[in-house]
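Undergrad: Below are the sequence and a predicted model for it; my questions follow.
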Amino acid sequence: MEYWKVEWLHDFPSEPVIFYSEIGEDGYEVRKVQRYRNGRTLKADELHESGDIGLSEIPVGSIEDVASQPEFSAFVITRDEFEKEWQSAPWPVERK
């Protein structure tokens, strides 16, 4: 497993600004947390998704590819850092 923190640099008020992702060996997201500008957070896994949050349907690629895009800052983080965000975020209201 690999754990990422990706900051999305944009001005859209209703879109998340930080993503925390747990990435499996196959390159797919296993779990994700989204943080919004107003402090709201949501989490998702394969059983808990909604219109507001869901796992990527394609492999995410490499962290270097994500970081090379000007609208993103991307970092590998520790499992402990990811778990802290995961434990504090609520599930989405809508269930898959």
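TA: Good, I have the coordinates. Residues are numbered from 1 along each chain as shown.
Undergrad: Longest helix in this protein, please.
TA: Secondary structure of the chain per DSSP state H: the longest helix is helix 79-88.
Undergrad: Tell me the buried residues in that helix?
TA: Judged by neighbour count using 16 or more other CB atoms under 10 Å, the buried positions of helix 79-88 are 82, 85-86. Backbone N, C-alpha and C define where each C-beta goes, glycine included.
Undergrad: mind listing what the one residue sitting closest to the centre of the chain touches?
TA: In the chain, the C-alpha closest to the average C-alpha coordinate belongs to Phe19, at a distance of 3.2 Å (CA atoms, centre = their mean). With CB atoms under 8 Å, 6 or more residues apart in numbering as the criterion, the residues that contact Phe19 are 4-6, 8, 32-35.
Undergrad: show me where pLDDT drops low in this structure?
TA: Within the chain, the stretches falling below the threshold (pLDDT under 70) are 94-96.
Undergrad: by contact count, what packs against the longest helix of the chain?
TA: Using 3 or more CB pairs under 8 Å, 6 or more residues apart in numbering; DSSP states H and E as the contact criterion, the secondary-structure elements in contact with helix 79-88 are strand 2-8, strand 16-23, strand 29-36, strand 41-45.
Undergrad: Next, the buried residues of the following helix or strand past the shortest one.
TA: Scanning forward in sequence from strand 41-45 by DSSP states H and E, the next helix or strand is helix 63-67. Judged by neighbour count (16+ other CB under 10 Å), helix 63-67 contains these buried residues: 63, 66.
Undergrad: Only the buried residues of the helix or strand following helix 63-67, if you could.
TA: Past helix 63-67, further along toward the C-terminus, the next helix or strand under DSSP H and E is strand 72-77. Of the residues in strand 72-77, those buried by neighbour count under the rule 16+ other CB under 10 Å are 72, 74, 77.
Undergrad: Having no further points to raise, I will conclude here.
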